[in-house]
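>>> return atomic coordinates for the entry below.
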Amino acid sequence: MNEDAVNLDRLKTRYPEKFTSVREAFGRIQRGNSIFIGSSCGEPQYLVNSLSAFVEENTQAIFGADVFHVWTMGVAPYTEEKFRENFRHSSFFISDSSRDIINRGMGEYTPIALSRIPSLFQRGIIRIDVALIQVSMPDRHGNLSLGISVDIVKSAVESSRLVIAQINSAMPRVHGDSYLHAEDIDILIPFDEDILEYRQEVPDDISSEIGLFVARIIQDGDTIQVGYGSIPNAIMKSLNGKKDLGVHSEMLTDGIVELMRSGIINNSRKNIDRGKTTVSFCMGSRDTYDYIHENPSVEFRPIDYTNSIFTIASQNNMAAINSALQIDLTGQATAESLGGSFYSGIGGQTDFMRGAALSSGGKAILTMRSTSNDGKISRIVPALDEGASCTLGRGDIHYVVTEYGIAYLYAKNIRERVLSLISIAHPEFRSWLIDEARSRGLIPSDQRYISGDQGIPPRHLEAYRTTEDGLKIFIRPVNINDEDRLKHFFYSLSDKSLYRRFLANIQFIPRNTLQKYSVIDFSREMTILAIVRDDWEETVVGIAQYVTDRTSLMAAASFAVSDTFHNRGIGRILLEYLALLAKKEGLLGFTAMVLRENDIMLHLFESMGWEVEKSRNGGLYDLIMPFSRKTE
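As a prediction, this is how the structure comes out:
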């Protein structure tokens, strides 16, 4: 006989009155009782199915019982029409199996952040009479682990009048605050069955693109929180190559475990629960359940700890990664509903996004596909649909990520938010969004926009370079939301640099001029920016541009570098990359107008290896630089 069996026999000997049949156990449930059922993959399937069978056999036994849970994986026979007088389904989060009955008015949904649910039980705001839970085999001291579902289960048990526990040898014993003593359980019913598993969605190409963008934001040493679904799975895969990541999350997934096994997640730089992956429940595979069994590197804690805004905010460099169904142009997002139809729930999203925003070095990241799955509806909209809930307010989000890029919204004004979000919307909807934003007064009526593919920055041209003195530069095509960055760049230039760039004394740069730099027709011109980043805030330190003459296939080139970044090789980097792009477009060379006194720019052009033809034009040189002609 193995140790588990010995411990179970010891428990039966010590507490014989606690071991009884399901019929006798359910006979103690009274009419009008509220019944709590263990969460998601931790659902006690045998108890739930037996309860339904008991009611079928004893038609007068239970009436008007409210059945509470967070998220059901589909084991919910009590929602069937034949039990409508017996049970009333009530959920804190909506799943596939409960969505229809809730939207038909046959069940209840309580919108509330997960972190606050335990206090509802503890204060009696929501009464729990009976708790049906699932636990592991006992240890030799009579302790039983809640295993993969601690979340709100422990508080439900502590608040319940009657606790009925299914003992299942398949349930892992986990470290942390997961244990109950047999003394705290009224009825123990041993029954072995497979624990419910959550099958990972295989990331598609769009999810993978989003994952790669999120990986740019996550830094070595960050502590992450991530949900479930194809996008989170893609994010996990994209984090290969990171170092010393930590986890403080409500949910443990197969993807997290894979990164733990590879050593990418080691929790070594967490300042709270260092060395531990801290979670509240697990939705995964049997392999993951085996990994966490008696594994001291994983700790399960109640949801009012993991999801406490104060706990999250105290974790340095906390990165919360969540998803939304829709976001409006000002930054309000819903993760709960599609218009007036309920879809999911608040869950832990507001807890983690707000906590991460308060964390030192924290990041609140919202991910979403740019359109519905069929591509017919934009998920970035002028305003949330009528009836939609606002899960996240305008101040809750730092980053929004779609397959088209990253929009950084933190501390941005409405115009900046609108243009940033439009820049990552699906191209087919950008003109519509611009028109709607203009008509609603969200952006100026004279906002420049170029429709069609020629107005879309070619993202594949993004590149990274490092100067000889070690400065890391991000180079990318200009975007519609760069107007303010360019304004700050040009106004940061000295009078001398401005004169050399514009060939005139410039005191004021009108907005229409800035827009001509930030909104361009990529079919005939190219503008690239040299950028340095500080916590994802982008500062332009250099700009290079060419405008094509389609008759001669030559392009007029110009560039400028911030005075504080002179003599660091940024001008050469920009000019080399600009020439590379021009050659890929089949252009034959550059032309330029340069002040005769501008020795630095003249020297740079001449040092590129092209044969430079110079002709005087007053105080200027007109330069012609065919790519095909090389200097000796």
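
>>> these two touch, right, F93 and G345?
Yes: using Cβ atoms under 8 Å, F93 is in contact with G345, at 3.6 Å. In short, each C-beta sits where N, CA and C put it, glycine included.

>>> which parts of the stretch 301-450 of the chain are strands?
318-323, 326-328, 333-334, 337-338, 341-342, 363-367, 380-381, 399-402, 405-408 (DSSP state E, counting those that start in this stretch).

>>> tell me how far the fifth one is from the chain's mean position?
If you compare the mean C-alpha spot of strand 341-342 with that of the full chain, they lie 22 Å apart, counting by Cα atoms, centre = their mean, to the nearest Å.

>>> now for it, which elements pack on it?
Under the contact definition 3 or more Cβ pairs under 8 Å, 6 or more residues apart in numbering; DSSP states H and E, strand 341-342 sits against helix 96-103.

>>> which elements pack onto the helix it packs on?
Against helix 96-103 (3+ Cβ pairs under 8 Å, 6+ apart) you get strand 87-91, strand 341-342.

>>> can you list contacts of stretch 25-34?
Residues from elsewhere that reach stretch 25-34, judged by Cβ atoms under 8 Å, 6 or more residues apart in numbering: 35, 50-51, 54, 61-68, 126-130, 162, 164, 187, 189.

>>> what about those residues, which are in helices?
S50, L51, F54 (DSSP state H).

>>> need these in CSV with pLDDT, neighbour count and distance to P44, can you?
Shown next, in CSV, are those (pLDDT from 0 to 100; neighbours: other Cβ atoms under 10 Å; distance: Cβ to Cβ, whole Å):
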residue, pLDDT, neighbour count, distance to P44
S50, 93, 21, 9
L51, 92, 28, 10
F54, 91, 17, 14
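
>>> out of the residues you listed, which comes closest to A504?
Set against A504, the nearest of the ones in helices among the contacts of stretch 25-34 by Cβ to Cβ is L51 (82.6 Å).

>>> contacts only, for the closest one.
Taking Cβ under 8 Å, 6+ apart, one finds V22, F26, I35, Y78, L132 in contact with L51.

>>> measure it to A335 for me?
31 Å (Cβ to Cβ, to the nearest Å).

>>> you'd agree L503 is up against M593?
Yes: between L503 and M593 a contact is recorded at 6.7 Å, counting by Cβ under 8 Å.

>>> mind listing the shared neighbours of those two?
Residues touching both L503 and M593 (Cβ under 8 Å, 6+ apart) are L620.

>>> helix or strand right after the helix or strand hosting R501?
Element membership for R501 (DSSP states H and E) is helix 495-502. Going down the chain from helix 495-502, the next helix or strand is helix 511-518, by DSSP H and E.

>>> and the angle from the helix holding R501 to helix 511-518?
70 degrees (axes from the mean of the first three to the mean of the last three Cα atoms, to 10 degrees).

>>> report the buried residues of helix 495-502.
Residues of helix 495-502 classed as buried by neighbour count (16 or more other Cβ atoms under 10 Å): S497, L498, Y499, R500, R501.

>>> for the chain, what's the longest strand?
strand 537-549 (DSSP state E).

>>> buried stuff in that strand?
Neighbour counts over strand 537-549 (16+ other Cβ under 10 Å) mark T539, V540, V541, G542, I543, A544, Q545, Y546, T548 as buried.

>>> from the residues you listed, pick the one nearest L486.
Out of the buried residues of strand 537-549, the member with the shortest distance to L486 (by Cβ to Cβ) is V540, at 6.4 Å.

>>> that closest one and H488 touch, don't they?
Yes: under the criterion of Cβ under 8 Å, V540 makes contact with H488 at 7.3 Å.

>>> and the closest residue in space to I37 that isn't next to it in sequence, how many neighbours?
The shortest distance from I37 to any non-neighbouring residue, by Cβ to Cβ, 6 or more residues apart in numbering, is to H69 (4.5 Å). H69 has 26 neighbours, counted by other Cβ atoms under 10 Å.

>>> residue contacts, H69?
F36, I37, G38, S39, E43, S91, F92.

>>> now flag whichever of those residues is closest to L493.
Among the contacts of H69, and counting by Cβ to Cβ, the member closest to L493 is F92, at 55.9 Å.

>>> where's the residue nearest to the closest one when sequence neighbours are not counted relative to V153, distance?
What sits nearest to F92 in space, not counting adjacent residues and going by Cβ to Cβ, 6+ apart, is V70, at 5.0 Å. For V70, the distance to V153 (Cβ to Cβ) stands at 9 Å.

>>> cool, T20 as well?
For T20, the distance to V153 - Cβ to Cβ - is 21 Å.

>>> if you count what's nearby, which of the two comes out ahead?
Taking neighbours as other Cβ under 10 Å, T20 and V153 compare with V153 leading, 29 against 16.

>>> that one against S40, yeah?
No: assessed by Cβ under 8 Å, V153 is found out of contact with S40, at 10.2 Å.

>>> pLDDT weak spots in the stretch 51-200 of the chain?
Residue ranges of the stretch 51-200 of the chain with pLDDT under 70: 74-75, 97.

>>> residue boundaries of the strands in it?
65-69, 87-91, 108-109, 130-135, 143-145, 162-167, 175-176, 179-181, 187-190.
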